[in-house]
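**Q** Predicted coordinates and the sequence they were generated for:
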Amino acid sequence: MATTNKIVYLLGAGATHAEIFNAVNLREDAVSNPAEYGLLISDVSKRILNKAKAKEEFNFIKYGHGASNHLDNVEYLISLLLTSHVKDSEKKVNILRELVKDDIKSVLDNWSAGFYLHDSLLELSVKNEELSKEELLGIISLNYDDVIDNACKHNAIEYDYGFGLEKKDKKYLLKLHGSFNWTEIEFYGKSKDIPIIPLGMNKNYLVPPYNFIWSNAFDVLAKCDMLRVIGCSLSQSEYSLIDLLFKVRIERERGFTVEIIDVDTTSGRIEDNYGFFLDVIGLGNARMKLNIKASEYTVPGAGNPFKAWLKAKAIDTYGNENKAKETKFVKRIFEGREG
């Protein structure tokens, strides 16, 4: 009898960015300029910090000779302000955080109607469970948006945010930093707004419900055979996430496979940075046995690795392209322009 692989997905900003990149690419009238719509921290930072420069509160920032006309990382700036003696630093931090929130929501409002990659991901997960090939234990997300939440609803997947330690008969959807959409949400029998873990390098995960969420993340990771990482480089700035993965790895002697769905240079960096992972697979690794064009994963910006992987995974799951096209969401991967 074939072994059913237990799968956990880890979604970073690059997963939502891939949705937007794909939606933009499918619109004939769209201008492909990631600086205007990208959700990677570099794109968001450029937009936010250029807006901040126009505000009186940020006149104290002086640029040296040859300096760029923007700062590189809004999260670093927030962290620096929080530990500085700059006048009204808390007020300045709150301005930056609101700018980030408004910016991300604005981008999603403009493009979310064209999203289907997350929907396809979960449709494939449901099919692989039916075929007893894979079992989805849970989804871990670093994103504030509700793209994956909506995909769960579209695929009739009941999900548990992991606010309590009791295990329900649902898939875990663990949003490690919270969500912009957690307003009037049920928590310990009360309807309340749950604040996000805001941008900044020093995040506090010990307060409810985040202590429960992170405990449940440890639990699902400790049970998985494969962690599929989509749109996340496992940056060393995400210290708490790396610490979590390291603790899980130590807990499990045989470890688990880490599959990186991103440009192939990402998997190489992760292998170099974190030697405690025993098995890291990139899109270019022959062990995946999936027919993916090299142009889709070897060069940053040359394609959409998330979409390329979904297309290959769909054919692997359904047996051929024609059967994959008899689906609700997956079929859209094979339609329209490449992206």
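**A** Cool, the structure landed. Since we're looking at a predicted model, the values are computed, not measured. Numbers count the residues shown, from 1 in each chain.
**Q** ok, and Asn50, which helix or strand is that part of?
**A** Using DSSP states H and E, Asn50 falls within helix 41-53.
**Q** whoops, Asp102 was the one
**A** Going by DSSP H and E, Asp102 is in helix 89-111.
**Q** Which strands and helices lie in contact with the next helix or strand after that helix?
**A** Once the chain leaves helix 89-111, the next helix or strand it forms, by DSSP H and E, is helix 117-130. Contact partners of helix 117-130 among helices and strands, from 3 or more Cβ pairs under 8 Å, 6 or more residues apart in numbering; DSSP states H and E: helix 13-26, strand 134-141, helix 147-154, helix 305-318. (C-beta placed from N, C-alpha, C; glycine too.)
**Q** Give the buried residues for helix 117-130.
**A** Buried residues in helix 117-130, defined by neighbour count with 16 or more other Cβ atoms under 10 Å: 117-125, 127-128.
**Q** Could you figure out how far that helix is turned away from helix 147-154?
**A** 50 degrees (axes from the mean of the first three to the mean of the last three Cα atoms, to 10 degrees).
**Q** tilt between helix 117-130 and helix 305-318?
**A** Using the same axes, to 10 degrees: helix 117-130 against helix 305-318 is 30 degrees.
**Q** And the average pLDDT for the helix holding Asp102 is what?
**A** Mean pLDDT, helix 89-111: 90.
**Q** gap between that helix and the chain center?
**A** Centre-to-centre, helix 89-111 and its host chain are 18 Å apart (Cα atoms, centre = their mean, to the nearest Å).
**Q** So Asn73 sits against Ser45, correct?
**A** Yes: with contact defined as Cβ atoms under 8 Å, Asn73 reaches Ser45; the gap is 5.2 Å.
**Q** quick one, which of those two is more surrounded?
**A** Ser45 (21 against 18; other Cβ atoms under 10 Å).
**Q** Setting aside sequence neighbours, what's the nearest residue to the more buried one?
**A** Val74 (4.3 Å; Cβ to Cβ, 6 or more residues apart in numbering).
**Q** Contact partners for the one you found?
**A** 41, 44-45, 48-49, 96, 100, 199 (Cβ atoms under 8 Å, 6 or more residues apart in numbering).
**Q** and Tyr144, helix, strand or coil?
**A** At Tyr144 the chain is in coil, as set by DSSP: H, G, I helix; E, B strand; the rest coil.
**Q** so how many other residues sit close to the closest residue to Glu251 other than its chain neighbours?
**A** Closest residue to Glu251 apart from its sequence neighbours, by Cβ to Cβ, 6+ apart: Ala222 at 5.5 Å. Neighbourhood size, Ala222 [other Cβ under 10 Å]: 15.
**Q** what packs against whichever helix or strand Ala222 is part of?
**A** Element membership of Ala222, judged by DSSP H and E, is helix 210-223. For helix 210-223, the elements it packs on are strand 5-11, strand 134-141, strand 171-175, helix 239-251, judged by 3+ Cβ pairs under 8 Å, 6+ apart.
**Q** Can you flag the weakest of the ones you listed by average pLDDT?
**A** Looking at those, the lowest mean pLDDT belongs to helix 239-251 (a mean of 86).
**Q** before we move on, the earlier item: let me see the contact set for the residue nearest to Glu251.
**A** By Cβ under 8 Å, 6+ apart, Ala222 lies in contact with 248, 251-252.
**Q** Can you check which of the helices and strands packed on helix 210-223 gets nearest to Asn181?
**A** When those are ranked by proximity to Asn181, the top entry is strand 171-175, at 9.6 Å, counting by Cβ to Cβ.
**Q** could you check the angle strand 5-11 makes with the closest one?
**A** 30 degrees.
**Q** For strand 171-175, what is the distance to the chain centroid?
**A** The answer for strand 171-175 is 13 Å, by Cα atoms, centre = their mean.
**Q** Mind listing the strands that strand pairs with, and their directions?
**A** Sheet pairing of strand 171-175 (DSSP bridges) gives strand 134-141 (parallel), strand 159-160 (parallel).
**Q** ok, and what's touching it?
**A** 136-141, 143-144, 148-149, 152, 157-162, 213-214, 216-217, 220.
**Q** again, but for stretch 187-198
**A** Counting by Cβ under 8 Å, 6+ apart, 78, 97, 144, 163-164, 176-180, 182-185, 203-205, 208-210 sit against stretch 187-198.
**Q** Kindly report the same for stretch 321-333.
**A** In this structure, residues lying in contact with stretch 321-333 by Cβ under 8 Å, 6+ apart are 116-117, 119-120, 123-124, 154-155, 307, 310-311, 314-315, 317-318, 334.
**Q** Widest-spaced pair of these?
**A** Between all members of the contacts of stretch 321-333, the farthest pair (by Cβ to Cβ) comes out as His154 and Ile315, at 21.8 Å.
**Q** These two: which is more packed in?
**A** Ile315 (19 against 16).
**Q** Can you tell me how far that one is from Phe306?
**A** Distance of Ile315 to Phe306, given as Cβ to Cβ, to the nearest Å: 16 Å.
**Q** What of Leu244?
**A** As judged by Cβ to Cβ, Leu244 and Phe306 stand 23 Å apart.
**Q** which one of those two has more residues nearby?
**A** Phe306 (27 against 18).
**Q** Isn't Ile230 up against Tyr9?
**A** Yes: the criterion here is Cβ under 8 Å, and Ile230 meets it with Tyr9 at 6.4 Å.
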